[in-house]
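Engineer: When you get a sec, could you give me coordinates for this:
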Amino acid sequence: MSEIARQTERLPGAGRARVFSGVKPTGHLTLGNYLGAMRRWAVTDQHRSEALFCVVDLHALTVEHDPARVRRLSRQAATLLLAVGLDPALCTVFVQSHVDEHARLAYLMECTAGVGEMRRMVQYKEEREREKGKGARGEEEWGGGRLSLLTYPALMAADILAYGTHEVPVGEDQAQHLELTRNLAERFNRRYGRVFVVPRATHPPVAARVMDLQEPTSKMGKSRQVGTAGIVYLLDEPETVRRKVLRAVTDGADGVVYDRGERPGVANLLEVLAACTGVADPAELAGSYGSYGALKKDAAEAVVELLRPVRERHAELAADPGYVAAVLREGAERARGMARPRVDAAYGAVGLMAAEGEERGEGEARW
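Structural biologist: I've put the predicted structure just below:
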């Protein structure tokens with residue numbers, strides 16, 4: 001066994017199942033974020049031996065943005081993580097930019113990745129098209145798009161690998177990025193010695209991808225600036241939720257049938273209702289309804305009741321900003337302690353010198 005491998009076995013978290021996931025503050029969090037990920041984090045993932053949940057605010061800078069809005073949405077996202085049930089006594093909740101190791105490791109990941117890999121990322125292509133659609137000003141100012149829009153998967157890989165993460169709860173749309181992270185970890189380990197754990201993806205069994213109520217073939221995304229009638233936000237008032245669900249697009253066919261391919265609107269409503277009520281198979285619900293109206297009414301009430309405690313807890317936390325700030329401060333300190341040894345190990349592995357008085361490789365505290 002190499003010296004790097006021996007040192008890596010003594011890194012914090014080695015031998016334990018560590019979970020990492022995050023939310024990007026590019027918009028208000030939605031029902032899709034909750035059913036697809038956040039509820040599982042609170043119910044299951046935070047009870048693992050070590051779990052970290054992060055507001056990945058650096059990722060919000062890859063496109064044109066309003067600084068004040070990013071700060072506001074970052075605080076709101078952190079507050080909602082607590083409101084859905086994440087307990088700082090059980091898990092680590094923090095903001096990405098508060099832990100320098102993310103940016104430090106991102107550069108090493110850029111040095112490990114290839115340009116072709118980055119250009120093949122589906123989300124890069126999609127974001128690039130959206131930015132082009134904003135007009136000539138964006139093209140002229142950024143020369144065809146910000147470089148970070150191309151390289152941010154390296155930062156995403158750093159987010160995960162810095163902590164020796166074993167499992168990453170992801171939706172289908174993030175599978176490609178997780179696969180890139182695995183490839184970069186394996187490549188780095190081959191070149192420089194085993195430093196990183198190669199993570200694997202885990203997927204929630206129900207409602208992993210909630211679709212837009214008005215465009216049921218498109219994901220319910222929080223980043224959209226227009227056309228929000230089909231998006232249910234976690235902080236929407238109950239009447240707003242009811243209105244959006246009752247106006248959901250279905251189709252002109254007879255009967256309530258679960259068929260994601262042919263009848264996506266109805267299928268989406270059945271999946272949402274199943275996820276809200278704990279039914280494992282959405283198709284089981286279809287036979288209980290003779291009309292779209294009854295299905296919509298039940299789905300609307302199920303969503304309202306599901307989100308009620310989240311809205312109430314958010315209001316309590318928002319009224320005590322000092323508590324939220326303390327949670328984030330302590331979370332960042334804890335995360336920093338987990339990440340720094342492994343990032344230092346990566347820096348040493350590639351041949352970078354330690355700062356004077358901070359030699360790497362002299363035991364777990366330094367490595």
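Engineer: Next secondary structure element downstream of the helix or strand bottoming out on mean pLDDT in the chain?
Structural biologist: Of all regular secondary-structure elements in the chain, judged by mean pLDDT, DSSP states H and E, the least confident is helix 3-8 with a mean of 44. The element immediately downstream of helix 3-8 (helix or strand, assigned by DSSP states H and E) is strand 18-23.
Engineer: can you list the weak-confidence ranges in the stretch 151-300 of the chain?
Structural biologist: Low-confidence regions of the stretch 151-300 of the chain, defined here as pLDDT under 70, cover residues 171, 204-208, 223-227.
Engineer: any chance you could map the helices in it?
Structural biologist: Counting by DSSP state H, counting those that start in this stretch, the segments of the stretch 151-300 of the chain that form helices are 175-192, 238-246, 264-277, 283-286, 292-318.
Engineer: Please produce JSON lines containing these, extended by mean neighbour count and distance to Gln46.
Structural biologist: Placement of C-beta: from N, CA and C, glycine included. Conversion of the helices of the stretch 151-300 of the chain to JSON lines gives the following (neighbours: other CB atoms under 10 Å; distance: least, CB to CB, whole Å):
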{"stretch": "helix 175-192", "mean neighbour count": "17", "distance to Gln46": "20"}
{"stretch": "helix 238-246", "mean neighbour count": "17", "distance to Gln46": "26"}
{"stretch": "helix 264-277", "mean neighbour count": "24", "distance to Gln46": "19"}
{"stretch": "helix 283-286", "mean neighbour count": "16", "distance to Gln46": "29"}
{"stretch": "helix 292-318", "mean neighbour count": "17", "distance to Gln46": "15"}
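Engineer: In a markdown table, list these along with distance to Glu333.
Structural biologist: As requested, those are arranged in a markdown table below (distance: least, CB to CB, whole Å):
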| stretch | distance to Glu333 |
| --- | --- |
| helix 175-192 | 25 |
| helix 238-246 | 37 |
| helix 264-277 | 35 |
| helix 283-286 | 46 |
| helix 292-318 | 20 |
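Engineer: nearest to Ala78, of the ones you listed?
Structural biologist: When the helices of the stretch 151-300 of the chain are ranked by distance to Ala78, counting by CB to CB, first place goes to helix 292-318 at 9.2 Å.
Engineer: for the record, mean pLDDT for the helix or strand just after the closest one?
Structural biologist: Next in sequence after helix 292-318, counting helices and strands by DSSP H and E, comes helix 321-349. When pLDDT is averaged along helix 321-349, the result is 97.
Engineer: Counting by contacts, list what helix 321-349 packs against.
Structural biologist: For helix 321-349, the packing partners by 3 or more CB pairs under 8 Å, 6 or more residues apart in numbering; DSSP states H and E come out as helix 3-8, strand 50-55, helix 67-83, strand 92-95, helix 101-112, helix 175-192, helix 292-318.
Engineer: In its sheet, which strands sit next to the fourth one, and in what direction?
Structural biologist: Same thing as strand 92-95. Strand 92-95 has the following sheet partners, assigned by DSSP bridges: strand 50-55 (parallel).
Engineer: State the pLDDT value of Thr44.
Structural biologist: The per-residue pLDDT reported for Thr44 equals 88.
Engineer: coming back round to it: among the helices of the stretch 151-300 of the chain, which is nearest Lys125?
Structural biologist: Sorting the helices of the stretch 151-300 of the chain by CB to CB, the top spot, which is the nearest, belongs to helix 175-192 at 10.9 Å.
Engineer: Need the contact partners of the closest one.
Structural biologist: Surrounding helix 175-192, the residues in contact under the criterion CB atoms under 8 Å, 6 or more residues apart in numbering are 4, 108-109, 112-113, 117, 121-123, 153-154, 156-157, 160-161, 168, 170, 195-201, 346, 349-350.
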